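Enquirer: Okay, sequence plus prediction incoming.
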Amino acid sequence: MLYRLRHLTAYAYRNPVGFARCALRLAPAAGEGQVPLSHEVVVEPAPRTATERGDFFGNRTVSLTVETPHRDFRIDARSRVRVERPPLPDPETGLAWEEVRARVLGGTGLGPAAPLHFCAPSRRVPLLPEVTDYARASFPAGGGAVAGAFDLMHRIRADFTFDSEATEVGTPLAQAFAGRRGVCQDFSHIMIAALRGLGLPAAYVSGYLRTLPPPGQPRLEGADASHAWVAFWCGEEWVGLDPTNDIGVQDDHIVVARGRDYADVAPVAGIIAGSGAQSLSVAVDVVPEEEDA
């Protein structure tokens, strides 16, 4: 599947902002069945400095500073990417979850994708006893790791309600879990905490999900959105699981970044020197190229 992506972020400030420093993670990732073909970012006002690097986890990150006084700030990212993922593993096969945990604890690798990095609590994913207890029903003694992860995903979809008004970006995991409501960020953090509580590695993935308009209706420009899901280490490979939609990750998902939680992979993060109110608007398009043509 070939996709054309656009991610437009626009800030409006009541008072002029004299300085801004930002980190952008907007480029599609390479690997695991995904091939970036092009990527460009236009920032207005033009940045004084802009440096691209890979962070510890290999995510493409652009660090920039803007020193032109401004009331409007726009980040317009456009990309093309090819996605052709291998089939998902059969949930009825693979290692027992206790064996996966033992392999991780006995591992010595410390590279960016080493499972050990994704077992401990992180800034946005504390390990809570009530969340670990919730996970246990999906992982009986001797049960398969992949089967347990799929079951946990199914249960989160069944037990939690998608509600964009219930939480915001800074809502603690404990609050979202207790309320059983939230958005993709909350559900991903909850599933990660549940898996890590049992000693199983889980990463937070940010990216995009192809959505389809209602039958007979045209696609609305800018109507798509950023998305988040979970990557679970099953002892042999990383498996993408989307608890918000109760599906395994295949060619409708486009990976941008992977980290321990949202704080590692926020699409746009930074600081400004200014005062007064501000507003934010985000428009995302995920368009298959055959549809675009």
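Expert: Perfect, thanks for sending it.
Enquirer: so where do the strands sit in the stretch 1-150 of the chain?
Expert: Applying DSSP state E, counting those that start in this stretch to the stretch 1-150 of the chain gives strands spanning 2-17, 19-24, 34-44, 49-54, 60-66, 70-83.
Enquirer: what does the fourth one rub up against?
Expert: The set of residues external to strand 49-54 that reach it, using C-beta atoms under 8 Å, 6 or more residues apart in numbering, is 43, 60-65. Backbone N, C-alpha and C define where each C-beta goes, glycine included.
Enquirer: Show the model's pLDDT score for residue 221.
Expert: Note on residue 221: pLDDT of 62.
Enquirer: Which stretch among the strands of the stretch 1-150 of the chain approaches residue 278 most closely?
Expert: Residue 278 lies closest, by C-beta to C-beta, to one member of those: strand 2-17, at 4.8 Å.
Enquirer: for the closest one, what is the average pLDDT?
Expert: 96.
Enquirer: So which bits of that strand are buried?
Expert: Neighbour counts over strand 2-17 (16 or more other C-beta atoms under 10 Å) mark 3-9, 11, 13, 17 as buried.
Enquirer: Which elements pack onto that strand?
Expert: Secondary-structure packing of strand 2-17 (3 or more C-beta pairs under 8 Å, 6 or more residues apart in numbering; DSSP states H and E): strand 70-83, strand 268-273, strand 278-288, helix 289-292.
Enquirer: quick revisit: which among the contacts of strand 49-54 count as buried?
Expert: 43, 60-64.
Enquirer: what's the closest of those residues to residue 259?
Expert: Checking these against residue 259 with C-beta to C-beta, the nearest one is residue 61 at 10.9 Å.
Enquirer: Just confirm that closest one contacts residue 55, I think it does.
Expert: Yes - Residue 61 lies in contact with residue 55 (C-beta atoms under 8 Å); the separation is 5.0 Å.
Enquirer: For the nearest residue to residue 43 once chain neighbours are set aside, give me its contacts.
Expert: Counting by C-beta to C-beta, 6 or more residues apart in numbering, residue 43 lies nearest to residue 75, which is 5.5 Å off, once chain neighbours are set aside. Contact analysis of residue 75 by C-beta under 8 Å, 6+ apart lists 7-10, 22, 24, 26, 41-43, 268.
Enquirer: As a check, name the ranges of all helices in this protein.
Expert: With DSSP state H as the criterion, the chain has helices at 97-106, 129-136, 145-159, 173-179, 184-197, 262-265, 289-292.
Enquirer: Of those, which is nearest residue 213?
Expert: With C-beta to C-beta as the criterion, residue 213 lies closest to helix 289-292 of the helices of the chain, at 10.4 Å.
Enquirer: mean confidence for the closest one?
Expert: Averaging pLDDT along helix 289-292 yields 69.
Enquirer: quick one: pLDDT of residue 212?
Expert: Reading off the model, residue 212 has pLDDT 78.
Enquirer: Over to residue 224?
Expert: Looking at residue 224, its pLDDT is 81.
Enquirer: in the sheet, who's paired with it?
Expert: Judged by DSSP bridges, the bridge partners of residue 224 are residue 284.
Enquirer: residue contacts, the nearest residue to residue 144 once chain neighbours are set aside?
Expert: Excluding the flanking residues, the one nearest residue 144 by C-beta to C-beta, 6+ apart is residue 94, at 5.5 Å. By C-beta under 8 Å, 6+ apart, residue 94 lies in contact with 144-147, 234-236.
Enquirer: distance of residue 94 from residue 37?
Expert: 33 Å (C-beta to C-beta, to the nearest Å).
Enquirer: again, but for residue 273
Expert: To residue 37, residue 273 is 37 Å away according to C-beta to C-beta.
Enquirer: can you check residue 56 too?
Expert: Counting by C-beta to C-beta, the gap from residue 56 to residue 37 is 25 Å.
Enquirer: These two: who's more crowded?
Expert: Neighbour comparison, residue 56 and residue 37: the larger count goes to residue 37, with 13 against 10 (by other C-beta atoms under 10 Å).
Enquirer: residue contacts, the closest residue to residue 70 other than its chain neighbours?
Expert: Nearest residue to residue 70, sequence neighbours excluded (C-beta to C-beta, 6+ apart): residue 45, at 5.0 Å. Residue 45 is in contact with 66, 68, 70, 73, counting by C-beta under 8 Å, 6+ apart.
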